[in-house]
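>>> what follows is a predicted protein model with its sequence.
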Amino acid sequence: MSTTPLNAPAIVILGKGALATARRIQQLYPQALIYGLAGRVEDVDRRYSEFGATLRQLYQQDTPIIALCAAGIVIRTLAPVLLEKGVEPPVLAVAEDGSAVVPLLGGLGGVNVMAREIAASLNTAAAITTSGELRFGTCLLNPPAGYALGDLELGKRFVSDLLSGESVRVEGAAPWLAQAQLPEDDQAQLAIHVGYAEREPSDHELLIYPRNVLVAVSGDLADLADTVKAALHDSRIAVQALGCLLASKAEMANPALHAAADALGVPLRFTTAGTPADMTRQVLPQLLPPLTPAAGIAIAVAPQPLEVEQIGCARGRLAVIGLGPGATDFMIPAVKAELARANDVLGYETYVRMAGPFRADQVLHCTDNREEMLRARHAFELAAEGRSVVVVSSGDPGVFAMAAAVLEALHESDNPDWHRVDLHILPGVSASLATAALAGAPLGHDFCVMSLSDNLKPWEIIEKRLDLACQADLALAFYNPISRSRPWQLGRALEIVRQHRSPETPVTLGRDVGRPAQTLRVITLGELRPEHVDMRTMVLVGSSLTCVFPRTNGESWVYTPRWYGAKPT
Ligand code: SAH
């Protein structure tokens, strides 16, 4: 009975010596990613530079951690974040050679289950130290997916009573306990009670609720979450047994429905419109007629915990994300989470590769860089089917990239299914900002961002904007400065800039910033030639106040002061 953790585990290694064991564990959890220390081990899914920061971030993101190193290192590293309330993913230390598996944290997140699974795959034994688990062969406080524990504190007391030698009865269907070694006795005072009915908590019972109750609602009900709770209570059904909220597809984007599902802690699924009773019959036709305790509500009880993925469909999700310039350290955590939940990933092949690695179940749709509108429409088609879709851009998706194309496609569409998709734009570090940071602060004062590509705008407007931006003495950031099909444009643009700026004006050239081939050059406007630049280069031209001074490594710092005119005293 494995409790599948929500997030794919991270297998963290410090050196090459652990790679073989890491790969064996990855075979057990194919979705897991191997994290390796940069410089020490290359052939991994993710490289990190700081062990401590990486481990703490994974922990705080609720990612199960399998660290192939000494338990002490893991304990010391995570100690500062342990006192914070919040998530506690499973954390295990595994000996580099696979000879020992030590579950450390996350008893309620199934760490012992994972420890046993890993130990079995490595032909060793897990160092289980949880007494209840040792004695009974299962963690009673961690029922499998589809079941909810009534109360953790009462539960802990119940387990210590059991450990002190009491016997126990099992009431109701608890298939996962079949293999457990419980001191069972039909006459026992203590009982494990599994059922969906409301029940008063008691010291003598461990209450476990199957999540087998489906509630269909119409979204116009007032105080939806409270109304659902009241309807369940009136029907003597425990709110913990609620497995899923169901509503009509037409109401997919209704915020009140999503707020209610969040408040109740259950997923929200959708089906064709109808009365609530009709809706439950559509998704669970084999059940008896539902209860209808109030207008706008129907309650259906299934014999087993609900299989939520089989009930109607989810609201589709579309996220347009920015990868940042390249290095994963510069990618915001929300983007990493979005990539992890994606069913489909769309984008220009280079960027899709950069966003990986992906799991076998994730579908990649790589397209040519110029097919932006087709890609945007394809993304909506997939999301409208209820899938979780990611469109990738490099840098920031709103800077000469996919976000505007996706919004344009939506704006042009009168398909209600597209408009109901849960659409998010997640920012990234744009190339101009990543390049500026490498050089110092060349964009430290007002600046102007331009694409020099005349593919989607007339060249005249580019010349006009350049001229005006130069007149305004703005620092300039040029995207798409040159390409094979646009060979002369940069030269012409520089002619315009030179009419306004002196030849000493600092120019920063960042190429492949944040990627393995990164280069940074600081030259002057007088020296700048189109040959210095290609389509993977970011060009930052200073204002009249931008200055340069040497740094200790032989290169230079560039900055544009925060003030303008005379330096404030
Ligand atoms: N959305 C991207 C920009 C796309 S336009 C962003 O916000 O960064 C493509 C242009 O961006 C390229 O021609 C180049 O000028 C610049 N660029 C993108 N990534 C870069 C990188 N890693 N290093 C330098 N320039 C880059």
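Received it, and whenever you're ready, just let me know what you need.
>>> in stretch 277-285, which residues are buried?
Of the residues in stretch 277-285, those scored as buried under the neighbour-count criterion (16 or more other C-beta atoms under 10 Å) are 277, 279-284. In short, each C-beta sits where N, CA and C put it, glycine included.
>>> what lies in contact with it?
Surrounding stretch 277-285, the residues in contact under the criterion C-beta atoms under 8 Å, 6 or more residues apart in numbering are 214, 216, 246-248, 269, 271-274, 287, 289-290, 292, 298-300, 302, 311-312.
>>> now the chain against the ligand: closest residue?
When scored by C-beta to the nearest ligand atom, the chain has residue 395 as its residue closest to the ligand, at 2.0 Å.
>>> part of a helix, is residue 352?
Yes: applying DSSP: H, G, I helix; E, B strand; the rest coil, one finds residue 352 inside a helix.
>>> report pLDDT for it.
Note on residue 352: pLDDT of 93.
>>> how close does it sit to residue 406?
Spatial separation of residue 352 from residue 406 under the definition C-beta to C-beta, to the nearest Å is 16 Å.
>>> so which of these two has more stuff around it?
Applying other C-beta atoms under 10 Å to residue 352 and residue 406 shows that residue 406 carries more neighbours, namely 26 against 20.
>>> now that one, nearest residue through space, not along the chain?
In space, and not counting its chain neighbours, residue 406 is closest to residue 376: 4.5 Å by C-beta to C-beta, 6 or more residues apart in numbering.
>>> so the one you found sits right up against residue 402, yeah?
Yes: applying C-beta atoms under 8 Å, one finds residue 376 in contact with residue 402, separated by 6.9 Å.
>>> who touches both of those two?
With C-beta under 8 Å, 6+ apart as the test, residue 376 and residue 402 both reach residue 391.
>>> interface residues of the chain facing the ligand?
Within the chain, the positions lying close to the ligand (C-beta under 6 Å from any ligand atom) are 325-326, 393-396, 399-401, 430-431, 435, 479-481, 510-515, 535-538.
>>> show me what contacts residue 427?
Listed by C-beta under 8 Å, 6+ apart, the contact set of residue 427 reads 322, 332, 396-398.
>>> make it 7 Å
When contacts are counted by C-beta atoms under 7 Å, 6 or more residues apart in numbering, residue 427 touches 322, 332, 396.
>>> tell me which of the residues you listed has the lowest pLDDT.
Here the lowest pLDDT out of the contacts of residue 427 sits on residue 332, with 91.
>>> where's that one relative to residue 458, distance?
Distance of residue 332 to residue 458, given as C-beta to C-beta: 35 Å.
>>> what's the answer for residue 90, then?
Counting by C-beta to C-beta, the gap between residue 90 and residue 458 amounts to 58 Å.
>>> compare these two (neighbour count), which wins?
Between residue 90 and residue 458, counting by other C-beta under 10 Å, residue 90 is the more crowded of the two (25 against 9).
>>> I'd say that one and residue 64 touch.
Yes: with contact defined as C-beta atoms under 7 Å, residue 90 counts as touching residue 64 (4.4 Å).
>>> ok so, going back, what about the residue of the chain closest to the ligand, how many neighbours?
Counted with other C-beta under 10 Å, the neighbours of residue 395 add up to 27.
>>> list the residues that contact residue 77.
Applying C-beta under 7 Å, 6+ apart, the residues near residue 77 are 51-52, 55-56.
>>> so which residue is smack in the middle of the chain?
By C-alpha atoms, centre = their mean, the chain has its centre lying nearest to residue 337, at 1.0 Å.
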